[in-house]
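*Asks:* Predicted model and sequence below, questions to follow.
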Amino acid sequence: AQSVTQPDIHITVSEGASLELRCNYSYGATPYLFWYVQSPGQGLQLLLKYFSGDTLVQGIKGFEAEFKRSQSSFNLRKPSVHWSDAAEYFCAVAPRDYQKVTFGTGTKLQVIP
Amino acid sequence: DGGITQSPKYLFRKEGQNVTLSCEQNLNHDAMYWYRQDPGQGLRLIYYSQIVNDFQKGDIAEGYSVSREKKESFPLTVTSAQKNPTAFYLCASSIEPYEQYFGPGTRLTVT
């Protein structure tokens, strides 16, 4: 069955430290890949997306993600975390022949001073 | 400014009552979606519509109904048949396949 996994439910980092959030998928072929961010009680905002081409994609708010086909992963990174980055982050995938998007269960990021 | 609006932000209902959640977009997007979000479960697709007067069931459509009479509007009705309706509901739209824009959500509490 097709699936997307975010193994970390909750992550705590210090402000200024680097961040990596993990995402692994299980699909028959390389899907489209997304990362979204959600502040408490709000909707989701698209951070970045991978469709094809360069496997390192840049997004908004200083985030980047790297697609690794061999590992079926699409991990989100940020070199230096700011307190305002505290939120929940969702990885999402969609097969290339269908519009339905599948979301991971999310990773909550806490940023400490 | 273009965007997606959902109303109301908070909604309270008694068990056994139907309730309709509003979703409006002025982005001129063809496709619209409804998701349900519960803690620790991510987003689960309820219904989606790729064009006016047409919609498809998602993964958890039981107990829900939708209509798509206008391109801008995609209301969701939570019926009394939905066994556990208390949740956070998110509406989204897209013009390209897959890249979705989300509304601010409606938190429904049924007691």
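*Replies:* Alright, I've got the coordinates. Numbers count the residues shown, from 1 in each chain, chains lettered A, B, ... in the order given.

*Asks:* gap between stretch B:21-31 and the chain center?
*Replies:* 10 Å (Cα atoms, centre = their mean, to the nearest Å).

*Asks:* Show me which residues of that stretch are buried.
*Replies:* With burial defined by 16 or more other Cβ atoms under 10 Å in any protein chain shown, the residues of stretch B:21-31 counted as buried are B:21-25, B:29, B:31. (Glycine included, C-beta is placed from N, CA and C.)

*Asks:* Read off the pLDDT value for the residue of chain A found nearest chain B.
*Replies:* In chain A, no residue comes nearer to chain B than A:Gly43, which is 3.6 Å away by Cβ to the nearest Cβ. Listed pLDDT for A:Gly43 reads 92.

*Asks:* So what sits opposite the closest residue to it other than its chain neighbours in the bridge?
*Replies:* In this structure, A:Gly43 finds its nearest non-sequential neighbour in B:Phe102, 3.6 Å apart by Cβ to Cβ, 6 or more residues apart in numbering or on different chains. Note on B:Phe102: beta-bridge partners B:Ala92, judged by DSSP bridges.

*Asks:* Thought B:Leu90 was touching B:Phe102, still the case?
*Replies:* Yes. Between B:Phe102 and B:Leu90 there is a contact under Cβ atoms under 8 Å: 5.6 Å.

*Asks:* Give me the common contacts of those two.
*Replies:* A:43-44 (Cβ atoms under 8 Å, 6 or more residues apart in numbering or on different chains).

*Asks:* Between those two, which is the more surrounded one?
*Replies:* Remark: of B:Phe102 and B:Leu90, B:Leu90 carries more neighbours, 26 against 22, as counted by other Cβ atoms under 10 Å in any protein chain shown.

*Asks:* which ones are touching B:Asp54?
*Replies:* Listed by Cβ under 8 Å, 6+ apart, the contact set of B:Asp54 reads B:Arg68.

*Asks:* Next, give phi and psi for it.
*Replies:* Main-chain dihedrals, B:Asp54, degrees, to the nearest 10: phi -140, psi 140.

*Asks:* Is it bridged to anything, and to what?
*Replies:* Going by DSSP bridges, B:Asp54 forms beta bridges with B:Ile51.

*Asks:* Look up how far B:Lys9 lies from it.
*Replies:* As judged by Cβ to Cβ, to the nearest Å, B:Asp54 and B:Lys9 stand 29 Å apart.

*Asks:* near chain B, which residues of chain A?
*Replies:* A:9, A:32, A:34, A:36, A:41-46, A:49, A:90, A:94, A:99-101, A:103-106 (Cβ under 8 Å from any Cβ of the partner chain).

*Asks:* neighbours of B:Tyr98, just the number please.
*Replies:* B:Tyr98, neighbours per other Cβ under 10 Å, totals 21.

*Asks:* partner residues bridging the closest residue to it other than its chain neighbours?
*Replies:* Nearest non-adjacent residue to B:Tyr98, counting by Cβ to Cβ, 6+ apart: A:Ala94, 4.5 Å away. Judged by DSSP bridges, the bridge partners of A:Ala94 are A:Tyr32.

*Asks:* ok, how many other residues are close to A:Ala94?
*Replies:* Look at A:Ala94: counted by other Cβ under 10 Å, it has 23 neighbours.
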